[in-house]
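> 3D model of this:
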Amino acid sequence: MKLSDDKVEIVRRHNKVVYHDGDRTVKVFVPTKPAVDVFREALNLARMEQAEGLNTPQVLEVSQVEDGSWALAMKYVPGKTLHEMMDEAKGTPKFDELLKFFVDLQIKVQKTPAPKALNAQGDKLVRMISRVKGMDPSARYDLQMRADRMKRGTAICHGDFNPTNIVVGEGEPFVCDWTHVTVGLPEADAAMTYMLLKLEFPEAADKYLDVYSKSADVPKQKIMYWLPVVAAAELSRGRKGNEEFLKGWIDMASDYE
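Numbers count the residues shown, from 1 in each chain. Coordinates of the predicted model:
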């Protein structure tokens with residue numbers, strides 16, 4: 001895959017750089033990113049294109065760039081991220097409107113009939129927790145067993161549903177980055193979103209929990225029960241700077257029995 005000289009960097013993460021390049025959005029991954037992971041992400045996105053009533057970016061190409069790193073190209077979606085819109089609306093009634101919009105969209109995703117062949121949420125969480133280094137073996141086992149006992153849900157669970165992954169243009173919103181999509185329990189997916197907001201957009205986190213609980217008619221206790229599990233799963237992603245925060249939630253596992 002060849003990127004143009006006019007490409008514009010959108011965001012840089014620990015394992016990838018995302019560019020706007022003409023009519024494409026291109027994720028260029030670090031050289032150590034296995035090809036199988038990139039193709040799996042493309043497959044997830046292709047599956048989600050089949051989900052009726054949801055707007056997702058169209059997969060265009062998976063191939064290597066000049067240095068041998070793998071890249072995923074998608075059709076560019078114009079607009080602002082919901083995170084940008086909420087950031088601009090802080091301290092105004094518009095912020096609460098956008099948060100409600102965010103929650104309603106998540107519930108819509110979760111109520112959409114799931115495409116075939118999505119991974120099971122519990123199985124994915126067990127695998128992720130098994131990769132966490134430096135965790136007490138007994139604590140790891142307890143969290144793996146909690147995830148393994150998870151009821152087989154039927155809801156689409158995005159796995160990384162946060163305002164940076166929602167693009168709002170002139171029409172309907174687009175939900176992006178389906179790397180971690182599974183089929184499972186909505187309350188566990190909400191726990192992941194709550195945790196991500198605590199890490200990246202703390203002003204919205206507790207309000208989100210209130211609004212989601214009421215809108216989805218799910219007790220907060222059912223959401224909080226999964227926090228230690230999703231915190232352990234998040235540790236496996238190797239993102240630096242949040243380890244102590246996440247370990248604090250893992251240590252409180254017994255509080256959410």
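> The most centrally placed residue in the chain: what's its closest spatial neighbour, skipping adjacent residues?
The residue lying closest to the centre of the chain (C-alpha atoms, centre = their mean) is Asp160, at 0.9 Å. Among residues not flanking Asp160 along the chain, His180 sits closest, at 5.1 Å (C-beta to C-beta, 6 or more residues apart in numbering). (C-beta placed from N, C-alpha, C; glycine too.)
> Equivalent analysis for Ile156, please.
Looking at Ile156 with C-beta to C-beta, 6+ apart, the closest residue is Ala114, at 4.9 Å.
> What is the neighbour count of that neighbour?
21 (other C-beta atoms under 10 Å).
> In a strand, it, correct?
No: counting by DSSP: H, G, I helix; E, B strand; the rest coil, Ala114 falls outside a strand, being coil.
> so it makes contact with Glu52?
No: counting by C-beta atoms under 8 Å, Ala114 sits too far from Glu52 to count as a contact (10.8 Å).
> Show the pLDDT at Arg127.
Arg127 is assigned a predicted lDDT (pLDDT) of 95.
> give me the number of residues near it?
By other C-beta under 10 Å, the residues close to Arg127 number 14.
> residues making contact with the one helix or strand Leu199 maps to?
Using DSSP states H and E, Leu199 maps to helix 186-200. Contact with helix 186-200 is made by 106-107, 110, 121, 125, 150, 153, 155, 157-162, 164, 204-205, 208-209, 212, 216, 218, 222-227, 229-231, 233-234, 242, 245-246, 249, as judged by C-beta atoms under 8 Å, 6 or more residues apart in numbering.
> ok, now with 7 Å
106, 110, 121, 155, 157-159, 161-162, 204-205, 208-209, 212, 216, 218, 222-223, 226-227, 230-231, 234, 242, 245 (C-beta atoms under 7 Å, 6 or more residues apart in numbering).
> angle of the helix or strand containing Ile129 against helix 186-200?
Using DSSP H and E, Ile129 sits within helix 121-130. Counting by axes from the mean of the first three to the mean of the last three C-alpha atoms, to 10 degrees, helix 121-130 lies at 40 degrees to helix 186-200.
> Does anything pack onto helix 121-130? Which helices or strands?
In terms of contacts (3 or more C-beta pairs under 7 Å, 6 or more residues apart in numbering; DSSP states H and E), helix 121-130 is packed against helix 137-148, strand 182-184, helix 227-235.
> Tell me what angle the last one forms with helix 137-148.
Using the same axes, to 10 degrees, one finds that helix 227-235 and helix 137-148 are set 110 degrees apart in direction.
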